[in-house]
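Visitor: sharing a model prediction with you, sequence too.
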Amino acid sequence: MYKKINLIYICLLIFVVFSCKTKTENEKTANPLVSETTENWISLFNGKDLEGWTPKIRGYALGENIHNTFRVEDEVIKVSYDEYEDGFKETFGHLFYKTPFSNYRLRMEYRFTGTQLEDGPGWAERNSGVMIHCEDPKKMSKDQKFPLCIEVQMLGGISSTDPRPTANLCTPGTNVVMDGELVTAHCNDSNSPTYYGEQWVNLEVEVHNDSLIIHKINDKEVMRYSKPQIGGADMDDYNSEYKDRIGEPVKGGYFSLQSESHPVEFRNIELMELK
């Protein structure tokens, strides 16, 4: 009798273990990124300070964080202007991460807060960006406004009658190919909805070297393009060496968070390298 009960118990235990294993394997088959996203996403922001990040603000040396523009509060990177007593004066800034990348997925949350500085340019209201494939910030001139890069432009809604998509494309010192055509316009809109107020928005950029770049908002693709390359009508704003390299593919680089005169916040900044 006891042997029979023990045998039944053992059989049930084997069935439960096998069922759980099969379920896990089926989940991985249905979603091959289950283990990958769990194991390979790395945090680029420790939530405490700007370790690993370096500011470059127009008119100042690399590493000089004037007026405490980039700061960490409440586990958030904040772009703030409360110490700008003399106004913005076109001191466009970028906070660079220390490592360049070529193939990766980059994700974060952002939101616009407060009001723009009074002397900030009109187009910069509720406007910021994540700059990818950036040139080395050490090569930027002291008075350079923007790095040569691809900009994933973030916009927040201002008027309910004026749609303002986000995760757009801007091209400082670059061009791209979209739908088989070379795109030379400086900015191009995505197909995302408009986001108002101070809500957090999820942004993801998927980068495959120079072959494909995809923008996503709240897990939905809103734009894709390929073949980022040196070029554009603003080449006079960059080191003269780039004029001899127009059309050269841009296959990777640094990325940075932008300061353009409207307060903005970033959190949960993570990256997964792709093979």
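Guide: Here it is on my side, so go on. The shown structure was predicted, so the numbers you read here are calculated from the model rather than taken from an experiment.
Visitor: only C-alpha atoms from now on, for both contacts and neighbour counts.
Guide: Will do.
Visitor: all helices of the stretch 151-275 of the chain, in order?
Guide: Applying DSSP state H, counting those that start in this stretch to the stretch 151-275 of the chain gives no helices.
Visitor: from Glu151, how far out is the residue positioned nearest the centre of the chain?
Guide: Most central in the chain under CA atoms, centre = their mean is Val130, positioned 4.2 Å from the mean C-alpha point. Per CA to CA, to the nearest Å, Val130 is found 6 Å from Glu151.
Visitor: where does the residue nearest to the centre of the chain fall, phi/psi-wise?
Guide: When read as degrees, to the nearest 10, the backbone of Val130 gives phi -110, psi 120.
Visitor: my read: it touches Tyr254, true?
Guide: No: counting by CA atoms under 8 Å, Val130 sits too far from Tyr254 to count as a contact (10.5 Å).
Visitor: Lys251: neighbour count?
Guide: Using other CA atoms under 10 Å, Lys251 is surrounded by 17 other residues.
Visitor: need the contact list for it.
Guide: With contact taken as CA atoms under 8 Å, 6 or more residues apart in numbering, Lys251 is in contact with Ser102, His133, Asn209, Asp210, Pro228.
Visitor: hmm, 10 Å instead?
Guide: For Lys251, the contact set (CA atoms under 10 Å, 6 or more residues apart in numbering) comprises Phe101, Ser102, Asn103, His133, Val207, His208, Asn209, Asp210, Ser211, Lys227, Pro228, Gln229.
Visitor: kindly report the same for Asn103.
Guide: 206-213, 251-252, 272-275.
Visitor: buried ones among the contacts of Lys251?
Guide: Buried members of those, counted by 16 or more other CA atoms under 10 Å: Phe101, Ser102, Asn103, His133, Val207, His208, Asn209, Asp210, Lys227, Pro228, Gln229.
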